[in-house]
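>>> everything below, folded, please.
(one chain, ligands or ions: 2)
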Amino acid sequence: MLPLHNPALLRQQALINGQWLDADDGQHLAVHKPANGELIARVPAMGQAETRRAITAAAAAQAQWKLQTGKARSVLLRRWYELIMANQQDLAVILTSEQGKPLSEARGEIAYAASFVDWFADEAKRGYGDVAPSPQADKRIVVLKQPVGVAAAITPWNFPAAMITRKAAPAFAAGCAMVLKPASQTPLTALALGWLAEQAGFPAGLFNVLTGSATLIGEVLTASPLVRKLSFTGSTEVGRQLMAQSAPTIKKLSLELGGNAPFIVFEDADLDAAVEGAMVSKFRNAGQTCVCANRIYVQRAVYERFAAKLVAAVQALQVGDGMAPGSTQGPLIDARAVAKVEEHIADALAKGGRLLCGGQRHALGGSFFEPTVIADASPAMLFAREETFGPLAPLFCFDDIDEVIRAANDSEFGLAGYFYSRDLARAWQVAEQLECGMVGINTGLISNEVGPFGGIKQSGLGREGSRYGMDEYLESKYLCFGGL
Ligand SMILES: NC(=O)C1=CN([C@@H]2O[C@H](COP(=O)(O)OP(=O)(O)OC[C@H]3O[C@@H](n4cnc5c(N)ncnc54)[C@H](OP(=O)(O)O)[C@@H]3O)[C@@H](O)[C@H]2O)C=CC1
Ligand SMILES: O=C(O)CCCC(=O)O
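Ligands and ions are numbered 1, 2, ... in the order given. The predicted structure is shown next:
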């Protein structure tokens, strides 16, 4: 039993058209605690028929929802926000139990998730169009913003709350309905958010949460002509596949995919601040974040000093069950994640990497892993190309700015990049030249509801959060008034 003030938040049925349901065939998925493998709950393994019903319900709900004023939609979103924050502790307990991150981080994620609902409760009132000056005297040109229709969302396990609200809140604000398929490892936070939306007064069918087979649900969502928008956060491989599956129905797409963020420390940087930034960027959520620093480049003059300071900070991390007081790094999500970190470490050590700390599975067993730092990293190593998605910080050494920019941009990914420098001219130069959608300058934490989150190259399409986030759920309709 989870220690919840409100046990009703622990839902073990899926939400379709305002009803809490089991799968048609009664099949379930088990949800386990990554910290110790304990069974927490079972959720329905929904399939194709249930997905079709959810889409039909969403289409019916959307036909009414789009007629509401932005102000009316804003009121419901604000209620949802308030309920999420009122239940912050319970939601964090559910999140930590199924995902593993420390409870303090989970509380932070719930507040972060809620911030998108708060933000888009305001934006709901601002679906402005345009009036363009006409090139002909007898015409007037007006652009209306209209909701795209039914939106589907497929979300990952690493941020089980925030990746949902970052999609759902702008969708509802814009006048769309949603069918959500959360990650199978973390469905409970999603279902709890669905229940709170219901408590907030969302009409039946507006927000449907389907747990179950990714391929079966994904196939129906992408094939359906009623679904006009798909927003996905997850691996580049699955994103590419969903993009192909969405091609026959030409859906509007938002894809927030993998990253391989460079984190650059110039010799004029405030080294203590850079270490602090590297810690938050690299080790937040045990390194399982798409915007995590994956390659840390340090200028030669400060390389060893930075390395020593980073190792001291890493050795102060407390690995443990996320529910245990004082834990600052929980377990990795599963054995596959541990195997990937091990593969990257073994590869680096075989190619001349120098292990400064960590490097092993943690004595706690299961999927706990020691936070690790490897020096003398080189471009031949796997982490130079692939995201590790774990608590491994590789340190590359560089001499000059052109060399480091070339190295940083030598990636198929382009999500986030970070650098530390006190030189203003250099800051502009590097910020402009890094090939990525987001740049942290003298900070390792760029995520908030106000900044546009998203990548370039194979890191994806579109932007989430911010004043741009609602555009992803809106179409522009051009009206040409003639004969005036
Ligand atoms: N950009 C990011 O934020 C994330 C990046 N990743 C990267 O991806 C790697 C693998 O993680 P993983 O969890 O496997 O990521 P996936 O991309 O496989 O999973 C993300 C979501 O997509 C769903 N999904 C998986 N396959 C399909 C499919 N064929 N059709 C429709 N939906 C699908 C998953 O469902 P289900 O859980 O049911 O399989 C989940 O809801 C990580 O190591 C990391 O490198 C992972 C998560 C987030
Ligand atoms: O890793 C991700 O999938 C999303 C990034 C979390 C954040 O918003 O910072």
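
>>> tell me the phi and psi of the residue of the stretch 301-450 of the chain found nearest ligand 2?
Residue nearest to ligand 2 within the stretch 301-450 of the chain (CB to the nearest ligand atom): S447, separated by 3.2 Å. Glycine gets a C-beta too; all of them are placed from N, C-alpha and C. The phi and psi values for S447, taken as degrees, to the nearest 10, are phi -80, psi 120.

>>> try V148
Per degrees, to the nearest 10, the backbone of V148 is at phi -70, psi -30.

>>> got the residues of this protein near ligand 2?
By CB under 6 Å from any ligand atom, the residues of the chain that approach ligand 2 are P156, N158, F159, A162, M163, T233, T289, C290, V291, S447, F453.

>>> which residues does the last one contact?
I take that to be F453. Residues near F453 by CB atoms under 8 Å, 6 or more residues apart in numbering: R166, E256, G437, M438, S447, R463, E464, G465, S466.

>>> of these, which is the nearest to Y112?
Closest approach between these and Y112, by CB to CB: S447, at 6.9 Å.

>>> how's the protein carved up into domains?
With domains defined by the TED database, the chain comprises 7-257+459-479, 261-441.

>>> check I441 and give its pLDDT.
At I441, the pLDDT value in this model is 98.

>>> do M1 as well
At M1, the pLDDT value in this model is 85.

>>> from F419, how far off is it?
To F419, M1 is 47 Å away according to CB to CB, to the nearest Å.

>>> again with A384
17 Å.

>>> now name the helix or strand holding L77.
According to DSSP states H and E, L77 maps onto helix 70-86.

>>> whoops, I mixed them up, A121
Here A121, judged by DSSP H and E, is contained in helix 103-123.

>>> helix 70-86 and that helix, what's the angle between them?
170 degrees (axes from the mean of the first three to the mean of the last three CA atoms, to 10 degrees).

>>> in the protein, which spans are helices?
In the chain, the helices defined using DSSP state H lie at 48-65, 70-86, 88-99, 103-123, 162-174, 187-200, 214-223, 236-246, 271-283, 303-315, 335-350, 401-409, 424-433.

>>> give me the nearest residue to the closest residue to ligand 2 within the stretch 251-400 of the chain, chain neighbours excluded.
With distances taken as CB to the nearest ligand atom, the stretch 251-400 of the chain approaches ligand 2 most closely at C290, which sits 3.5 Å away. Closest residue in space to C290, ignoring its immediate chain neighbours: G259 at 4.6 Å, by CB to CB, 6 or more residues apart in numbering.

>>> residue contacts, the residue nearest the centre of the chain?
For the chain, M163 is the residue whose C-alpha lies nearest the centre (CA atoms, centre = their mean; 4.4 Å). Going by CB under 8 Å, 6+ apart, M163 touches T155, P156, T233, E256.

>>> what bridges to the third one?
As for beta bridges, T233 partners with E256 under DSSP bridges.

>>> no further queries at this time; thank you.
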